[in-house]
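Undergrad: Next input, structure requested:
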Amino acid sequence: MRRVTLPLSIINTILIFIFLFVIIIPVSYWSYQNFENTLHKSIIDYFKQTNNIVNTVIEQEVKTLNNITLNLSNHLSTINIESISQHDISHSVSSEVEGIDLIFLRYNNKIIDYSTSLFDTTAIIKKYTNKDLYENQIATVEINGVYYSALLSTEHIINDKTGQVIGKITVGKFFNDNFTLANYVKKKSNINNISFMFDNQILATSLDTDSFEYKKTKKLFNVLNEHEFYTEDNLIISKQTVEILDKQTNIFIITSIKNNILKSLNDDFDKQILILVIVFFMLSIIAYFVINAIVVKPSMKLLHFAQDVQTNKNSKYEEGIVAEYNNIAYGLKNIIGELRDVKEQYHLAIEGAQDGLWDWNIKTNKIYFSNIFKEILEYEKNENLDIPNFWQDNIHKDDVENAKKQMSEHLKGLSSIYDNEYRFRCKNGSYKWMKSRGKALFDEDNKAYRMVGFHTDIQHLKELEEENREKQKLLYQKAKMASMGEMIGNIAHQWRQPLSTISTASTGIKMHKEFGILKDDEITTTMDVINNTVQHLSQTIDDFRDFFNPHTSMNDFSIQNIVTKTINILISQFKSKEIEIIEDIQDTLIHGLENELIQVLINIINNSRDALEETKDQKRLIFINSYKKDQDVFITIKDNAGGFKDDVINRIFEPYFTTKDKKVGTGIGLYMCEEIISRHMHGTIKAQNAVFNYENVEYTGALFTIKLPLE
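TA: Numbers count the residues shown, from 1 in each chain. Alright, predicted model coming up:
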C-alpha cells in the first residue's frame with residue numbers, strides 16, 4: 001500500500017480546521033449545556049416564585065379564616081350556646097362571610113352545621129369529625145370517589161363567666177370549584193393557568209373544564225412526578241406542593257406558562273453560537289497566516305536548506321525571526337556535515353577494502369547486496385540477487401551445512417559475530433572462496449531482526465595457502481632427506497666397529513684353520529661374538545627403520561622411551577666426539593606424533609653437537625631434562641657450547657636461516673622443529689641463552705624449551 005504524503009502547508013490547513021472544530025464543538029457543547037442548565041434553573045425559579053405567590057395567598061386565606069373563627073369564638077362565648085341560631089352566626093361573620101363554605105359547631109357531642117355551600121357539607125363534616133381532621137389547616141376527605149379539600153380554622157368556645165370550654169367552632173373554604181382563588185393566583189403570578197389537584201383530581205382551576213389543556217393536565221399529573229417541569233406544545237407545565245407556614249400539604253398546584261419565554265432564550269442562544277463560530281473562524285484564519293509565517297515557511301526553508309547542505313558544504317541559511325529555527329539550521333549543518341564525512345569514510349572504506357556488503361532484513365527476508373558484492377561474483381550491478389534461498393543455494397555442497405549451522409547459532413545469540421569461510425558459486429558456475437563476517441541486531445525479546453556483514457574474496461589467499469602447503473611438504477621432505485643423510489652417517493658410525501669385530505673374528509678362525517691350530521671351543525666362542533655383533537646390528541636397523549617409518553597417526557608414548565630411542569640413534573657419533581649426554585627424565589605418558597618428536601630432538605641435539613665440536617679445553621655436555629607442570633609436559637635440551645649470538649637468536653626458527661656453511665647446513669631443521677611442535681602437536685618451542693653451573697664450573701650455552709599439552 002502506497003503511503004500518502006502531504007505538503008506542510010496542506011497539513012497546516014488541515015490542522016487549523018481540526019483545531020477549529022476541536023475548539024468549536026466542545027465550546028458549543030459547553031455553551032449548550034450551560035444554556036440548558038441556565039434555562040432549566042430559570043424555569044424552576046419562575047415556577048418557585050409562582051408557588052411562593054400561591055403559598056402567600058393561601059396563608060393569607062388561613063389568616064382570614066383564623067380571624068373569623070376567633071371573632072365567632074368571642075361572640076359565642078357570651079351567649080347561651082343552646083340558643084345559637086343561623087342568624088347569630090351570620091351576624092357575627094356578616095362582613096367576612098363571603099367565600100366561607102363551611103361553618104359548624106361542636107359541643108356536647110353534637111354537631112351543628114351552619115354552612116351555606118352547595119356541597120353535601122353534612123357528609124363532609126361528619127368525615128372531618130370522625131377523623132379529627134378539623135384540627136388540620138387543610139383537610140381532604142373522599143365521598144363517593146370525589147375528594148373534597150378545604151382550608152380549615154378551628155377555635156375553642158370558652159364561657160366568659162366560668163372560663164370553661166363549652167365547644168368548638170370551625171370555619172373553612174373549599175378548594176373544590178374555588179375558581180376565585182385560582183383566577184386570583186393566576187392574575188397575581190402572571191402565569192397562563194393554574195390548577196389545584198389532589199391525587200389525580202382537579203379541585204379548582206382557571207381552565208375551562210371542556211378545554212384540551214384541562215384534560216391534558218389530568219394526564220400529566222403522574223408524568224410530572226418524574227420531572228421538575230414538562231414542555232408540551234407551546235406550554236411549560238410544572239407541579240408544585242402547596243405549603244402553609246413552611247409545612248408541606250397534600251395539595252398540588254399545576255401551573256403553566258407560555259413557551260415564548262423559552263423560544264426567546266433559544267433565539268438568544270442561537271445568536272451567541274453564531275457569533276462564537278464567526279469569532280473562532282476569524283481566529284482560525286488569523287492563526288493560519290500566523291502559523292504559516294512563523295512555522296510553515298521557516299520549516300520549508302529549513303527543509304530546503306537541509307537538502308541543499310547535503311551536497312553543498314558552503315550552503316548558507318538565511319536567518320529568520322524564530323531563534324530556534326536558526327539554531328536548528330546551524331545544528332543541522334554541523335550534523336549533516338559530520339554525517340556526510342562519515343558516509344564518505346564509509347564508502348571509501350568499503351571501496352578500499354573491496355569487500356561485498358550484504359544487509360539482511362530478517363523480518364521481511366529482503367537482502368541488499370552492494371555493487372562490489374555483485375562484482376566479486378561477476379554479476380552486473382543492475383542484476384537483482386534478492387531471490388529466495390540465493391545464499392544457501394550457491395554455497396558449495398561440502399560447506400553449506402557448516403555455514404548454516406554457524407548462522408543459526410549466531411541468530412540464536414550463541415556467538416558474538418558470524419565468521420565463516422566457504423566456497424560460493426559465481427555467475428559463470430565456478431566457485432570462489434569467500435570469508436563471510438556479520439553481526440545481527442536483536443530486539444527486546446532477544447529475536448534477531450536485522451543482520452549486516454561483508455563477503456571478502458579470499459580465493460587468492462586459499463591459493464597461496466595451497467602453495468605454502470606444497471612448499472612446506474617440500475621443506476619437510478628436504479628436512480627428512482637431510483635427516484636421512486645424518487642417519488646414514490650415524491649408521492656408518494654405528495656399524496663400523498661391529499663389522500670390524502666380525503671381520504677380525506672370521507679372519508682369526510680362518511688363519512687358525514690354515515695353521516691347524518683351530519680348536520672347537522675357540523670356534524664356539526668366535527661364533528658367539530659374531531652372533532652377538534649381528535644381533536646388535538639388527539637392533540640398530542630396527543631403530544632406524546622405526547624412525548623412517550612414516551607414522552602420521554597420534555599414539556600414546558612415554559618421554560623416557562623417545563629420549564632413549566633418540567640417544568640410541570646418535571650415540572656412536574657422540575662417543576667419537578667425546579660428547580657426554582646427561583639425562584634427568586620425569587617419565588610421563590603423552591599423546592602425539594612419536595617419530596616427529598624424535599626428529600625434533602635429533603635436530604636440536606645435532607645442532608648442539610655441531611656447536612660443541614668447535615669448543616676446546618672444556619667438557620662437551622648436553623643436558624636432556626623433562627618434567628610435568630599442571631596439564632603440560634616440558635622437555636629442555638641444554639648445551640655448554642657458548643650459546644647464540646645476539647643478532648641471530650631471534651631468527652633461528654626462520655626457514656633457510658643457518659649459521660653454518662651452506663655446504664653443511666640447510667636452514668630448515670629448526671624451522672621444521674617449530675612447525676612440528678606448533679602445528680602438529682599444538683605446543684610451543686623457544687630458544688634462549690642460559691648461564692648455569694655444573695660440577696662447580698660455570699657454563700654458557702643454548703637452551704631449548706619444548707612445551708606440550710598432555711591432552
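
Undergrad: pLDDT score for the residue nearest to residue 169 when sequence neighbours are not counted?
TA: Once flanking residues are discounted, residue 169 sits nearest to residue 72: 4.8 Å by CB to CB, 6 or more residues apart in numbering. Using the backbone N, CA and C atoms, a C-beta is placed for each residue, glycine as well. Looking at residue 72, its pLDDT is 84.

Undergrad: ok but residue 72 is inside a helix, no?
TA: Yes: assessed with DSSP: H, G, I helix; E, B strand; the rest coil, residue 72 lies in a helix.

Undergrad: I'd guessed it sits against residue 155; true?
TA: Yes: applying CB atoms under 8 Å, one finds residue 72 in contact with residue 155, separated by 7.1 Å.

Undergrad: related to what we said a few turns ago, gap between the residue nearest to residue 169 and residue 167?
TA: From residue 72 over to residue 167 the distance is 11 Å, taken as CB to CB, to the nearest Å.

Undergrad: Give me the more crowded residue out of these two.
TA: Neighbour comparison, residue 72 and residue 167: the larger count goes to residue 72, with 25 against 20 (by other CB atoms under 10 Å).

Undergrad: so what's the most centrally placed residue in the chain up against?
TA: By CA atoms, centre = their mean, the mean C-alpha position of the chain lies nearest to residue 444, the distance being 5.1 Å. Counting by CB atoms under 8 Å, 6 or more residues apart in numbering, residue 444 makes contact with nothing.

Undergrad: still on that earlier bit, gap between the residue nearest to residue 169 and residue 110?
TA: Remark: distance between residue 72 and residue 110 (CB to CB) = 17 Å.

Undergrad: What are the boundaries of the strands in the stretch 101-250 of the chain?
TA: In the stretch 101-250 of the chain, the segments counted as strands under DSSP state E, counting those that start in this stretch are 102-107, 110-113, 138-143, 146-158, 165-174, 193-198, 201-205, 229-232, 235-244, 247-258.

Undergrad: For the fourth one, which strands pair with it and how are they oriented?
TA: The one in question is strand 146-158. Note on strand 146-158: by DSSP bridges, its sheet partners are strand 138-143 (antiparallel), strand 165-174 (antiparallel).

Undergrad: what do you get for the first one?
TA: Sheet pairing here is set by DSSP bridges, and for strand 102-107 it gives strand 110-113 (antiparallel), strand 165-174 (antiparallel).

Undergrad: now the residue nearest to the centre of the chain, what's its secondary structure?
TA: Look at residue 444: counting by three-state DSSP, its state is coil.

Undergrad: Show me which residues of stretch 435-447 are buried.
TA: By 16 or more other CB atoms under 10 Å, the buried positions in stretch 435-447 come out as 435, 436, 438, 440.

Undergrad: a markdown table please, covering those and showing distance to residue 424 and pLDDT.
TA: A markdown table is the format used below for the buried residues of stretch 435-447 (distance: CB to CB, whole Å; pLDDT from 0 to 100):
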| residue | distance to residue 424 | pLDDT |
| --- | --- | --- |
| 435 | 10 | 91 |
| 436 | 8 | 90 |
| 438 | 14 | 91 |
| 440 | 20 | 91 |
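
Undergrad: Just give me the closest of the residues you listed to residue 616.
TA: Nearest to residue 616 among those is residue 435, at 56.9 Å by CB to CB.

Undergrad: Confirm that the closest one sits in a helix.
TA: No: Residue 435 is assigned strand when assessed by three-state DSSP, not a helix.

Undergrad: Just give me how far whatever helix or strand residue 606 lives in sits from the chain centre.
TA: Take DSSP states H and E as the rule and residue 606 turns out to sit in helix 594-612. Per CA atoms, centre = their mean, to the nearest Å, the displacement of helix 594-612 from the mean C-alpha position of its chain is 65 Å.

Undergrad: Extract the C-alpha set from that helix and format it as PDB.
TA: Output of helix 594-612 as PDB, limited to C-alpha atoms (Å, rounded to 0.1, in the frame of the first residue of the first chain):
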ATOM      1  CA  GLU A 594      56.200 -40.100  18.300                       C
ATOM      2  CA  ASN A 595      58.500 -40.100  15.300                       C
ATOM      3  CA  GLU A 596      58.100 -36.400  14.600                       C
ATOM      4  CA  LEU A 597      59.000 -35.600  18.200                       C
ATOM      5  CA  ILE A 598      62.100 -37.800  17.800                       C
ATOM      6  CA  GLN A 599      63.000 -35.900  14.700                       C
ATOM      7  CA  VAL A 600      62.700 -32.600  16.700                       C
ATOM      8  CA  LEU A 601      65.000 -33.900  19.400                       C
ATOM      9  CA  ILE A 602      67.600 -35.200  16.800                       C
ATOM     10  CA  ASN A 603      67.700 -31.800  15.100                       C
ATOM     11  CA  ILE A 604      68.200 -29.900  18.300                       C
ATOM     12  CA  ILE A 605      70.800 -32.400  19.700                       C
ATOM     13  CA  ASN A 606      72.700 -32.400  16.400                       C
ATOM     14  CA  ASN A 607      72.800 -28.600  16.400                       C
ATOM     15  CA  SER A 608      74.300 -28.800  19.900                       C
ATOM     16  CA  ARG A 609      76.700 -31.500  18.600                       C
ATOM     17  CA  ASP A 610      77.900 -29.200  15.800                       C
ATOM     18  CA  ALA A 611      78.400 -26.300  18.200                       C
ATOM     19  CA  LEU A 612      80.200 -28.400  20.700                       C
END
